[in-house]
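[1] What shape does this take:
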Amino acid sequence: MTQLGKIMLILIGSLAVLLAVIGIFVPLLPTTPFLILATGCYLRSSEKLYAWLLNHKWCGAYIKNYCEKKGVPLKTKIIAISVLWISIVSSVIFFTSLLFVRLMLLLIAAGVTMHLLSLKTLQENPVINDNSEKWKEENE
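    Residues are numbered from 1 along each chain as shown. Model prediction:
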């Protein structure tokens with residue numbers, strides 16, 4: 001890949017990270033797709049930025065678990081759905097009077113909620129069975 005191509009991918013990845021961070025606070029701006037885009041851009045352009053993103057304190061494990069289809073922690077689902085509905089309902093009540101816009105916001109919130117609920121729930125602290133090989137190895 002050319003140097004210009006790598007620079008463009010780094011810029012796109014960095015913009016995606018910025019949009020993902022904004023998406024944490026703005027309900028209709030998706031966070032996960034931007035983090036996945038940034039991961040792909042950094043993977044192809046900068047080992048250092050790729051490693052930084054995957055090892056990031058707040059979003060590293062989230063990206064790894066999502067991309068590997070391991071799931072999303074229950075706490076994350078609850079927080080995401082709560083913030084989504086609080087912001088959507090407040091927008092519907094206080095910031096728009098157009099019925100069409102209100103319906104669209106509620107439909108989007110319902111769609112995002114269904115998507116989040118359809119994702120596998122990640123067990124944060126799995127119980128290790130006494131008979132499992134892992135338990136045996138750890139306790140020998």
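
[2] hey, let's count contacts and neighbours off CA atoms from now on
    OK.

[3] so how far is residue 5 from the residue sitting nearest the centre point of the chain?
    Geometric centre of the chain, nearest residue: residue 32, 3.4 Å, by Cα atoms, centre = their mean. Counting by Cα to Cα, to the nearest Å, the separation of residue 32 from residue 5 is 24 Å.

[4] now do residue 108
    From residue 108 to residue 5 the distance is 35 Å (Cα to Cα).

[5] Settle it for me: which of the two has more neighbours?
    Neighbour count, other Cα atoms under 10 Å: between residue 108 and residue 5, residue 108 has more, with 15 against 12.

[6] check contacts around residue 20.
    Residue 20 is in contact with 29-35, counting by Cα atoms under 8 Å, 6 or more residues apart in numbering.

[7] next one: phi and psi at it?
    phi -60, psi -40 (degrees, to the nearest 10).

[8] Find me the pLDDT at it, would you?
    With respect to pLDDT, residue 20 scores 91.

[9] same thing with residue 126?
    Listed pLDDT for residue 126 reads 47.

[10] and what of residue 37?
    pLDDT, residue 37: 92.

[11] Next, the contact list for it, please.
    Residue 37 touches 13, 16, counting by Cα under 8 Å, 6+ apart.

[12] for residue 19, same thing?
    Taking Cα under 8 Å, 6+ apart as the test, what residue 19 contacts is 29, 31, 34.
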